[in-house]
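> Just a sequence and a predicted model for now, questions to come.
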Amino acid sequence: MFNTYQSQTFIGYDKSFEEANVILFGAPFDGTTSFRPGTRFAPTAIRPDSYGLETYSPYLDLDLEDYSLADIGDVDLPFGNTIRALDLLEETATNILDAHKKPLMVGGEHLVSLPVIKALVKKYPDLCILHFDAHTDLREDYLGEPLSHASVIRRAWELVGDGHIYQFGIRSGLKTEFEWAKSHTHLRRFDTEGLADTIQALKGKPVYLTIDLDVLDPSIFPGTGTPEPGGISMKELLDALILLKDLPLVGADIVELSPHYDASGVSTAVACKVIREVGLLLAHH
């Protein structure tokens, strides 16, 4: 069913595909990275490092051991063929959804969110997107290329339409992107203030969560291709995830870890903790 490969599973994701409700898979792709490449190495970096965590989250008071989760490995993606790579990721997400399970994707650069969103929109036409990021990602194109990690949320908007995208932590983008967002997305600059009200507005709707880890300040998360000073703290991100505990999610992704830009390994440890929390959010409902 899946064209994937793996050498190790993420901690707590030890169930079979058939018995699991949440399916983790890696998207090792950075073919449109605009500054520093390396996110394709993230999925294989997080798995061994995840064993530095406990399965229990004291933030959410939930434990991975109490749920059925599976890690099916990384999708085997071709080099130099963005369209084919995106098609394979959409096929993977579709297979997961057709089996009535929730996808949890680990990127990879942010463009990999698009095929998963495409698959979800087919099942949930009224899909809403909750987007944490340093960057607007709302360009019409980047250097003439419409398929880019700098334009992924613009491409997602073409699928879900006005008023269905909620953006938090945004602190970088073209002036035209910020202006365009005023009429088409709900964009919160710099922080996560107002998230509680957004969650109330989203209750009862299918919601996809996409977290670009560069939403965090580079002092916390330097291991990324486009570090942007002035970001939120880890505590702010964890507080945001705690607020999401009562919001059923239909899928999620965590993207833009480039592990080799942080020789200390701290960025990978940060990514692992975020993945643990998000996986528990998906499994809890």
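All right, it came through fine. Keep in mind that what you see is a predicted model, and the values were worked out from it rather than measured. Numbering: from 1, shown residues only.
> How far does the longest helix along the chain sit from its chain's centre?
The residue-count maximum for a helix in the chain (DSSP state H) belongs to helix 266-284. Helix 266-284 sits 10 Å away from the centroid of its parent chain (Cα atoms, centre = their mean, to the nearest Å).
> Show me which residues of that helix are buried.
By 16 or more other Cβ atoms under 10 Å, the buried positions in helix 266-284 come out as 267-284. For every residue, glycine as well, the C-beta is placed using N, CA and C.
> how distant is the helix or strand encompassing residue 89 from the center of its chain?
Here residue 89, judged by DSSP states H and E, is contained in helix 82-98. Relative to its chain's centre, helix 82-98 lies at 15 Å (Cα atoms, centre = their mean).
> For that helix, what does the pLDDT average out to?
The pLDDT scores in helix 82-98 average 97.
> Can you point out the buried residues in it?
For helix 82-98, the neighbour count (16+ other Cβ under 10 Å) marks 82, 85-86, 88-97 as buried.
> Who does the very next helix or strand once past that helix pair with, and is each partner parallel or antiparallel?
The C-terminal neighbour of helix 82-98 among helices and strands, as given by DSSP H and E, is strand 102-107. Partners of strand 102-107 in the sheet, by DSSP bridges, are strand 22-27 (parallel), strand 251-255 (parallel).
> Serialize the ones you listed to TSV and add fields for mean neighbour count and distance to residue 16.
Below are the strands paired with strand 102-107 laid out as TSV (neighbours: other Cβ atoms under 10 Å; distance: least, Cβ to Cβ, whole Å):
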stretch	mean neighbour count	distance to residue 16
strand 22-27	27	11
strand 251-255	27	20
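> would you list those in CSV and tack on mean pLDDT and distance to residue 222?
Output for the strands paired with strand 102-107, formatted as CSV (pLDDT from 0 to 100; distance: least, Cβ to Cβ, whole Å):
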stretch, mean pLDDT, distance to residue 222
strand 22-27, 98, 21
strand 251-255, 98, 16
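> for residue 210, helix, strand, or coil?
Following DSSP: H, G, I helix; E, B strand; the rest coil, residue 210 is assigned to strand.
> how close does it sit to residue 119?
According to Cβ to Cβ, to the nearest Å, residue 210 and residue 119 sit 14 Å apart.
> Among these two, which residue is more densely surrounded?
Taking other Cβ atoms under 10 Å, residue 210 and residue 119 do not tie; residue 210 has more neighbours (28 against 22).
> my guess is the more buried one meets residue 251, correct?
No. Applying Cβ atoms under 8 Å, one finds residue 210 not in contact with residue 251, separated by 9.2 Å.
> Give me the nearest residue to residue 285, chain neighbours excluded.
Computed as Cβ to Cβ, 6 or more residues apart in numbering, the closest residue to residue 285 that is not its neighbour in sequence is residue 248, at 3.9 Å.
> pretty sure the one you found is in a helix, no?
No. Assigned with three-state DSSP, residue 248 falls outside any helix and is coil.
> thought it was touching residue 209?
No. Using Cβ under 8 Å, residue 248 makes no contact with residue 209, being 10.9 Å away.
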